[in-house]
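J.: Sharing a sequence plus its predicted fold:
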Amino acid sequence: MGPSRSLLRASMALVAAAIAAGAFADAAGATYAGKNGRLAFGFAAGIATVNANGSSFRVILRGQPAEAFPIWSPLGTRLLFTRLGGQTGLYSVRADGAGLRRLTTSASFSFEWAPDGQAVAFVDAGSAYVLDLRTGASTEIFHGASPAFANAVTWAPDGGRLAVSVSDDSHPDGETIIGRLFVVGRDGTGLTEIVTRDTTFGFDDPRWSPNGADIAFIEPGSFGLSTLIVVKPDGTRLRTPGDCCPGDPHWAPRGNLLLFEYLIGIDAENPDIYVVRPDGTGFRPLVRSRGYNSTPAWSPDGNRVAFASNRHGRHEVYVKKLQGGTVRVTRNRGFEDEPDWQARCSPKGTAAGNTLVGGIGPDFLCGLEGDDSLNGGRGGDRVLGGPGDDQLVGDRGVDVLVGGPGVDRLAGGANRDLLNARDGFGGDTVVGDSGDLCLVDPGDIVTGCTPVT
Ligand SMILES: [Ca+2]
Ligand SMILES: [Ca+2]
Ligand SMILES: [Ca+2]
Ligand SMILES: [Ca+2]
């Protein structure tokens with residue numbers, strides 16, 4: 001999207017700083033499947049959370065200095081956000097507002113948790129990085145230098161690769177910006193350019209689909225007209241669902257729909273919220289009303305959408321059922337925008353040993369304490385062993401398995417999976433295949449994939 005619209009998304013206190021930083025993109029914030037938890041959102045230049053029915057409103061950070069773009073960790077325990085106007089940088093904080101942790105020392109307007117929540121990708125001054133939260137080490141995965149600078153980054157759901165959108169101003173006409181989309185490994189190897197097109201601002205808002213098969217992004221064309229594009233990670237197929245002018249796309253947790261802001265034509269001032277299937281069919285309005293309806297986010301169960309609107313005078317958070325009515329969640333407390341929805345475990349174990357089996361869709365299984373047996377079943381599942389000696393099975397789908405403390409056994413099954421046996425001790429068993437990312441400690445036993453320690 002063009003700068004004017006993206007800047008309207010930012011809390012007013014952040015606008016000057018955002019202009020200074022040349023920000024166009026915004027934080028990614030994939031919504032992971034699970035039970036619907038709390039909403040986090042920008043609140044009067046700070047961050048607040050609330051239940052989706054409006055109860056239990058809580059200010060997490062008061063915006064001095066200013067904070068923006070909070071996104072929930074995939075495990076729903078922490079928020080990642082950017083701070084401006086003093087002690088600038090990326091931070092994370094626990095859901096209760098405690099445990100503030102500074103991750104970087106400069107502002108970023110594109111950042112996203114790794115699918116296992118144990119790393120963060122971000123763009124800083126035109127380069128893209130992966131920060132390992134366990135070691136604190138940053139790896140540069142795209143080096144920005146004139147004429148080509150990164151503006152946004154997104155993780156593949158398997159955690160092994162990322163997509164980076166890049167704006168290149170080397171076009172001979174001096175006005176056209178060459179949009180370039182790259183795929184790169186999390187260690188910075190295998191940088192591959194998959195899309196190159198002439199644009200007005202360069203590509204923006206790349207978002208990788210939950211099954212790993214597609215990447216959606218926004219391509220601003222001539223005269224400010226923009227298009228929502230869906231492309232395969234190897235670049236073989238381009239699709240263009242929708243018409244002018246979509247922005248801020250988000251994949252449904254099941255990957256069956258894309259949600260986005262939509263301005264009907266270049267002269268429109270107030271966006272509404274639309275959905276479309278990734279193949280370009282089923283294009284329809286979800287929220288269309290007076291006022292400025294923006295910054296949509298999926299619920300983890302995929303049945304609701306949170307968004308910000310000024311339809312009643314000030315920017316407030318609302319929730320719309322995919323099939324049903326709209327509920328106003330906040331009431332005149334301040335400028336509220338950029339809601340993001342927390343995923344909670346479902347099914348969840350107890351302190352004893354449990355056997356949990358997921359359904360055919362994406363599940364978020366948590367064993368908690370005890371020696372658990374967890375099987376995600378079909379769909380892209382997230383499976384957390386927790387403390388205890390656990391058996392974790394991903395089955396079909398792009399799965400994320402995290403053993404936690406104890407002597408665990410992780411088996412990803414078919415598709416590219418993220419298998420994380422890092423608990424500081426050897427002795428875990430990881431059964432992967434060639435496309436999997438296997439994160440382990442020295443002394444863990446690994447078959448079928450290349451161990452990454
Ligand atoms: Ca499942
Ligand atoms: Ca465990
Ligand atoms: Ca799998
Ligand atoms: Ca281990």
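T.: Thanks, I have the structure now. Bear in mind that the values here come from a model prediction, so they are computed numbers and not experimental data. Residues are numbered from 1 along each chain as shown. Ligands and ions are numbered 1, 2, ... in the order given.
J.: got the contact list for the residue of the stretch 101-250 of the chain found nearest ligand 1?
T.: Residue nearest to ligand 1 within the stretch 101-250 of the chain (C-beta to the ion): Pro210, separated by 11.8 Å. C-betas here are computed from N, CA, C, even on glycine. Taking C-beta atoms under 8 Å, 6 or more residues apart in numbering, we find Pro210 in contact with 30, 33, 157, 251-255, 362, 380, 398.
J.: are any of those residues buried, and which?
T.: The neighbour count (16 or more other C-beta atoms under 10 Å) marks 30, 33, 157, 251-255, 362, 380, 398 as buried among these.
J.: what does the protein have sitting close to ligand 3?
T.: Contact residues, the chain versus ligand 3 (C-beta under 5 Å from the ion): 394, 399, 412-413, 415, 417.
J.: And those, which is closest to ligand 4?
T.: Relative to ligand 4, the closest of these is Gly412; by C-beta to the ion it sits at 15.7 Å.
J.: Could you find the closest non-adjacent residue to the closest one?
T.: Here the nearest residue to Gly412 in space, its sequence neighbours aside, is Gly394; by C-beta to C-beta, 6 or more residues apart in numbering that works out to 4.4 Å.
J.: Make sure the one you found is actually in contact with Asp417.
T.: Yes: at 5.1 Å, Gly394 and Asp417 qualify as touching, with contact defined as C-beta atoms under 8 Å.
J.: and for those two, which residues touch both?
T.: Counting by C-beta under 8 Å, 6+ apart, the common neighbours of Gly394 and Asp417 are 400-401.
J.: Nearest spatial neighbour of Pro278, chain-adjacent residues omitted?
T.: Spatially, and ignoring its direct neighbours in sequence, Pro278 is nearest to Val230 (5.2 Å; C-beta to C-beta, 6+ apart).
J.: So what's the predicted local confidence for the one you found?
T.: Listed pLDDT for Val230 reads 94.
J.: Could you list every helix and strand in contact with the helix or strand hosting Tyr318?
T.: Using DSSP states H and E, Tyr318 sits within strand 316-321. Contact partners of strand 316-321 among helices and strands, from 3 or more C-beta pairs under 8 Å, 6 or more residues apart in numbering; DSSP states H and E: strand 35-43, strand 284-287, strand 304-309, strand 326-328, strand 336-344.
J.: surely Ile38 meets Ile47?
T.: For residue 38 the amino acid is Arg, not Ile. No: with contacts counted by C-beta under 8 Å, Arg38 stays clear of Ile47, the gap being 11.9 Å.
J.: Compare those two and say which is more crowded by neighbours.
T.: Applying other C-beta atoms under 10 Å to Arg38 and Ile47 shows that Ile47 carries more neighbours, namely 27 against 19.
J.: In which helix or strand does the more buried one reside?
T.: Under the criterion of DSSP H and E, Ile47 resides in strand 46-50.
J.: which secondary structure element contains Ala52?
T.: Here Ala52 is assigned to no helix or strand, by DSSP H and E.
J.: From ligand 2, how far off is it?
T.: Distance from Ala52 to ligand 2, counting by C-beta to the ion, to the nearest Å: 31 Å.
J.: And for that residue, the neighbour number?
T.: 19.
J.: Spit out the contact partners of it.
T.: 36, 38-39, 299, 304, 306, 319, 327, 329, 341.
J.: Quick check: which of the helices and strands packed on strand 316-321 is nearest to ligand 4?
T.: So among the helices and strands packed on strand 316-321, strand 336-344 is nearest, using C-beta to the ion, at 24.6 Å.
J.: Just checking: what are the partner strands of the next helix-or-strand element following the closest one?
T.: With elements assigned by DSSP H and E, the helix or strand that comes after strand 336-344 is strand 355-357. Sheet pairing of strand 355-357 (DSSP bridges) gives strand 373-375 (parallel).
J.: Would you mind pulling the contact partners of the strand holding Ile47?
T.: The list of residues contacting strand 46-50 from outside it, by C-beta under 8 Å, 6+ apart, reads 38-41, 56-64, 66-67, 70, 79, 81, 93, 95, 317, 329-330, 333, 336, 342.
J.: For burial, what's the neighbour tally of Ser108?
T.: Neighbour tally, Ser108, other C-beta under 10 Å: 26.
J.: I'd like the distance between it and Ile47.
T.: Ser108 sits 16 Å away from Ile47, going by C-beta to C-beta, to the nearest Å.
J.: Same check on Pro362?
T.: Per C-beta to C-beta, Pro362 is found 27 Å from Ile47.
J.: before we move on, what about Leu401?
T.: Taken as C-beta to C-beta, the span from Leu401 to Ile47 is 30 Å.
J.: With Phe41 instead?
T.: Phe41 is 7 Å from Ile47, where distance means C-beta to C-beta.
J.: what residues are shared contacts of those two?
T.: Listed as contacting both Phe41 and Ile47 by C-beta under 8 Å, 6+ apart are Pro70.
J.: Model confidence score at Gly86, please.
T.: The model reports Gly86 with a pLDDT of 87.
J.: Likewise for Ser11?
T.: You'll see Ser11 listed with a pLDDT of 38.
J.: what bridges to the nearest residue to Arg409 once chain neighbours are set aside?
T.: Once flanking residues are discounted, Arg409 sits nearest to Thr429: 4.5 Å by C-beta to C-beta, 6+ apart. Beta-bridge pairing of Thr429 under DSSP bridges involves Arg409, Ile445.
J.: Identify the residues contacting Thr429.
T.: Residues counted as contacts of Thr429 (C-beta under 8 Å, 6+ apart) are 408-410, 421, 444-446.
J.: Based on its surroundings, how many neighbours for Leu100?
T.: 12.
J.: Show the pLDDT at it.
T.: The model reports Leu100 with a pLDDT of 96.
J.: same check, this time on the one 5 residues further on
T.: Reading off the confidence values, Thr105 has pLDDT 94.
J.: OK, contacts around it?
T.: Contact analysis of Thr105 by C-beta under 8 Å, 6+ apart lists 88-89.
J.: How about the secondary structure of it?
T.: Put simply, Thr105 is coil when judged by DSSP: H, G, I helix; E, B strand; the rest coil.
J.: what's the pLDDT at Tyr292?
T.: Looking at Tyr292, its pLDDT is 93.
J.: Just want the phi and psi numbers for it.
T.: Backbone geometry at Tyr292, expressed as degrees, to the nearest 10, gives phi -100, psi 110.
J.: how near is it to ligand 3?
T.: Between Tyr292 and ligand 3 the distance is 41 Å, computed by C-beta to the ion.
J.: burial of that residue, as a residue count?
T.: Neighbours of Tyr292 under the rule other C-beta under 10 Å: 20.
J.: what residues are up against it?
T.: So Tyr292 contacts 8, 269-271, 308-311, 315 (C-beta under 8 Å, 6+ apart).
J.: separation between it and Ala44?
T.: Tyr292 is 17 Å from Ala44, by C-beta to C-beta.
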